[in-house]
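Trainee: Below are the sequence and a predicted model for it; my questions follow.
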Amino acid sequence: MAANRTSIILGIALLLGLFVVFLANTYFSGIEERQQQQVEQLKLEQVLVATQPLAFGTVLTAQNTKLVGWPANSMPDGVFKTSIGVVNNPRGPRVALRPIAIGEPILASKISGDDGRASISALLPDGMRAAAIRIDDVTGVGGMIAPGDVVDVLLTRQQSGEGADRDDQYTDIVLEKIRVIAIDQSADENKTDPLVAKTATLEVDPVGAQKLALAQKVGALSLVLRNVTSIEDGANMTVTQSDLGSGWRSAPARRAAPSPGLAGLPPGFYSENPMPPRSPPMAQRAPAAPPVPVGPSVEIVRGTTSTTYGVKRHGS
């Protein structure tokens, strides 16, 4: 019995020892992995950063840039690992196209090309176009629009068709959620002071560029400033002069209940067509028939036309 008890105790002790060894190996393996990760994180590479705030058009020099160590596993795309070709570029000074903060890596997408030109084309994403439109203090929202803002583009033009007057006009939303690249010749997004400008350069796709070119020929364009975080779409319906004094109705209500002049048209016709047809003119009223005389009368026939005349009695 004593021998069996001793064997059992030794077996339990052996199992406990193996379990302790397993826990120790797991613990020390975790420490080694963490240390290895720290070593990898401490691997630094040289990256060109700004040493002072760089505004749009600022020339990159040895005084406002420097090379610093940057973690290799968190390297941004488009960084410069040397100042050669960036600072003191022999083909021309390279300038900032977007604001760059102190300590921020200088990226290829934020500075001008190797030729040194601070062109708008460098700010355009692939597949997008830059199109300019004329604005003034009213169509440009009183000068409150600045580069980087988001706007809607409205087109107001004369209404045509049967029964339309020369003064009849209507307004459509041509483009929505369009980013402003530049105001006049300035593309600096840090300039937020109101400025009454003559042109606004917008970032649009190829179809949007065609719409803007045509819209400027057929009517007057206006910009509507919107919240940059706003994602909802507009009503996308035509507004005519008859809507100005009829009180506001929401777009769904107008689609559900078209105006009397559009009765009989398919549902949604009013909102889907850029220029709703006008109500047909009222039919011309027939001339009123002459009154029939009361009392004695005489009918005189001239050709195929007869006329009845009243006859007054003697003494009446």
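Mentor: Nice, thanks for sending it over.
Trainee: Okay, helices next: where are they in this structure?
Mentor: Remark: helices assigned in the chain by DSSP state H are 2-41, 206-218, 251-256, 269-272.
Trainee: Of those helices, which shows the lowest average pLDDT?
Mentor: Mean pLDDT across the helices of the chain is lowest at helix 269-272; the value there is a mean of 39.
Trainee: all strands for the stretch 101-250 of the chain, in order.
Mentor: In the stretch 101-250 of the chain, strands defined by DSSP state E, counting those that start in this stretch lie at 129-134, 150-158, 169-183, 199-204, 220-226, 239-240, listed in chain order.
Trainee: Surely residue 220 and residue 135 touch.
Mentor: No - in this structure, residue 220 is not within contact of residue 135 by C-beta atoms under 8 Å, at 10.5 Å. Bear in mind the C-beta positions are built from the backbone N, C-alpha and C, glycine included.
Trainee: With neighbour numbers in mind, choose between those two.
Mentor: residue 135 (21 against 15; other C-beta atoms under 10 Å).
Trainee: surely the more buried one meets residue 198?
Mentor: Yes - applying C-beta under 8 Å, one finds residue 135 in contact with residue 198, separated by 6.8 Å.
Trainee: could you check the distance from the nearest residue to residue 177 once chain neighbours are set aside over to residue 171?
Mentor: Residue nearest to residue 177 in three dimensions, not counting chain neighbours: residue 150, with 5.7 Å by C-beta to C-beta, 6 or more residues apart in numbering. The gap separating residue 150 from residue 171 is 20 Å, by C-beta to C-beta, to the nearest Å.
Trainee: next one: residue 209
Mentor: Distance, residue 209 to residue 171, by C-beta to C-beta: 21 Å.
Trainee: again with residue 121
Mentor: Here residue 121 is placed at a distance of 32 Å from residue 171 (C-beta to C-beta).
Trainee: what about the two, which has more around it?
Mentor: Remark: of residue 121 and residue 171, residue 171 carries more neighbours, 19 against 9, as counted by other C-beta under 10 Å.
Trainee: Wait, that one touches residue 241, no?
Mentor: No - counting by C-beta under 8 Å, residue 171 does not reach residue 241; the two are 9.6 Å apart.
Trainee: Got the confidence number for residue 90?
Mentor: The predicted local confidence for residue 90 is 75.
Trainee: can you check the one 3 residues further on too?
Mentor: For residue 93, the model assigns a pLDDT of 78.
Trainee: Grab the nearest non-local neighbour of it.
Mentor: Here the nearest residue to residue 93 in space, its sequence neighbours aside, is residue 59; by C-beta to C-beta, 6+ apart that works out to 4.5 Å.
Trainee: Per-residue confidence, that neighbour, what does it come out as?
Mentor: 86.
Trainee: go on, residue 142?
Mentor: Residue-level confidence at residue 142 comes out at 79, pLDDT.
Trainee: do you know how far residue 300 is from residue 50?
Mentor: As judged by C-beta to C-beta, residue 300 and residue 50 stand 107 Å apart.
Trainee: nope, residue 142 is what I meant
Mentor: Distance of residue 142 to residue 50, given as C-beta to C-beta: 34 Å.
Trainee: Residue 89 now?
Mentor: Taking C-beta to C-beta as the measure, residue 89 falls 16 Å from residue 50.
Trainee: quick revisit: show me which of residue 142 and residue 50 is the more surrounded one.
Mentor: Counting neighbours by other C-beta under 10 Å for residue 142 and for residue 50 shows that residue 50 has the greater number, 21 against 13.
Trainee: what residue ranges in the stretch 51-200 of the chain score low on pLDDT?
Mentor: Regions of the stretch 51-200 of the chain meeting the criterion pLDDT under 70 cover residues 114-120, 122-123, 186-194.
Trainee: was I right about residue 67 contacting residue 87?
Mentor: No - the criterion here is C-beta under 8 Å, and residue 67 misses it with residue 87 at 10.1 Å.
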